[in-house]
Each structure stands twice: as C-alpha cells, then as structure tokens.
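*Asks:* build me a model:
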Amino acid sequence: MTRPVPGLPSPVMPALGLGPGAHLRPLVAGDAAAVHALVVANRAHLDRWLRWSSVIRAPADAADFIERFTGQLANGDGFHLGIWVGTALAGGCICWTVHRQDRNAEVGYWLGAAFLGRGLATAATRAVVGHLFAAEQLHRIELQCGVGNVRSRAVAERLGFRLEGVRRQSHWITDRFVDHAVYAMLAPDWPGAAASAGQESR
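*Replies:* Next comes the predicted model:
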C-alpha cells in the first residue's frame, strides 16, 4: 500500500466544514457542469476580477480547469475547492501553487453574486489558510486582489493579512492588465498556528 509522503497532502483532501449547511471539498470532474453554469450566470461579476473565468465558455473548459487542479492536488502543489451551500455550488477557494522548499502558497477565492454577503469567502479562506498552516506546515500564505476589488480586499483584511504592496499590472484579467494588492500572513501571526512557526529546521 502506498503511504503518504511526510509534509505532502493526501491525494484525497477531506471536506472542510464552514458552519451549518456549508462546506468545502475538492472539485471533481462531475462538477464541471455546475462550475460552468455558475460562471456563465455571473460572467460580468467574475470576469472583472478573476484570472481564469473568461476562458470558461463550455462545460469542457470547466472540466479542463478542474482536471488541472486535480493533478495539482495529487502532486501536493495546489488545489481548487468548491464552496457548497447544501447541494448548490456557491464558488470556490483556490490554492494556486505550493512552494515546498520555501513553504509558501498563494490562495484566492470567488463567489457567485447570489452568495455574496454571507461570510462564505471569509470562512472558506480561513479554513484553507488554517489547513495550509497546520496540516501542511507552511510558513507564508499570500493573497493577491485587484486593487479595485473592494470585497476581495476586505476578506484579506478581515482575516488579518498584512498589505505588503501593489504589483503593477501583474495579471491579465479578461481584457486588460490589472494592478494587484499583495497581502500576506505568516504562520507565527495566524491564530492557532504557533506550532508551525517552530518547524524552521525542516
């Protein structure tokens, strides 16, 4: 039987609870239609700020996007978790990449417009960041938000992430380059993650 490698996530990540009726779990191939439908229904809302939504034009595009992160999850270098409210897909929380040598990662989040204002992005990001610090023993988590994306920046600030600066025209978003505010959290500063800070010799 194959045993997990220490310091790497299991190929199957457990679901993370977000409170009554809501949870996070890895997106799988069977979720492609739901991802496509949610993106199409929220295209103007999502394409303004997301790096990837504008290329989702058919369920097959969503399937390809999901497959990319399924591979990353298996390799321990990223994941895309769906945010579910009951049986409805509300959005997602993405770990774009994990750098094991430097023990850092970049996380992002997205929601359909009907699910805004419920604290879901904050709860999902808190769960994912907590998982990366506690279970994966990372040292630094970064969030990048379009400078004009007030809602997204509020999530980072609500969770206590520190604004470190602005990356000018750092990402091509749909049809233009967008400046991104860079926020970061270190393990010693994350509530409950003090144990991770003592792993410097790893």
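*Asks:* and the biggest helix by length in the chain, what's buried?
*Replies:* Determined from DSSP state H, the single longest helix within the chain is helix 59-75. Buried positions in helix 59-75, judged by neighbour count with 16 or more other CB atoms under 10 Å: 61-63, 65-66, 69-70, 72-73. For every residue, glycine as well, the C-beta is placed using N, CA and C.
*Asks:* what's that helix packed up against?
*Replies:* strand 22-26, helix 32-41, strand 79-85 (3 or more CB pairs under 8 Å, 6 or more residues apart in numbering; DSSP states H and E).
*Asks:* so it versus strand 22-26, what angle?
*Replies:* 80 degrees (axes from the mean of the first three to the mean of the last three CA atoms, to 10 degrees).
*Asks:* helix 59-75 relative to strand 79-85, how many degrees between them?
*Replies:* Going by the same axes, to 10 degrees, helix 59-75 makes 120 degrees with strand 79-85.
*Asks:* helix 59-75 - what's its average pLDDT?
*Replies:* Mean pLDDT, helix 59-75: 95.
*Asks:* list of residues touching that helix?
*Replies:* With contacts defined as CB atoms under 8 Å, 6 or more residues apart in numbering, helix 59-75 is touched by 9, 11, 13, 26-29, 31-33, 35-36, 39, 52, 55-56, 78-80, 94, 97.
*Asks:* 10 Å instead?
*Replies:* 8-13, 26-40, 52-53, 55-56, 58, 77-82, 92, 94-98 (CB atoms under 10 Å, 6 or more residues apart in numbering).
*Asks:* and the helices in the protein?
*Replies:* Under DSSP H, the chain gives helices at 32-41, 43-47, 59-75, 120-134, 150-158, 194-197.
*Asks:* closest one to G112 among these?
*Replies:* The minimum distance between G112 and these falls on helix 32-41, with 5.1 Å, by CB to CB.
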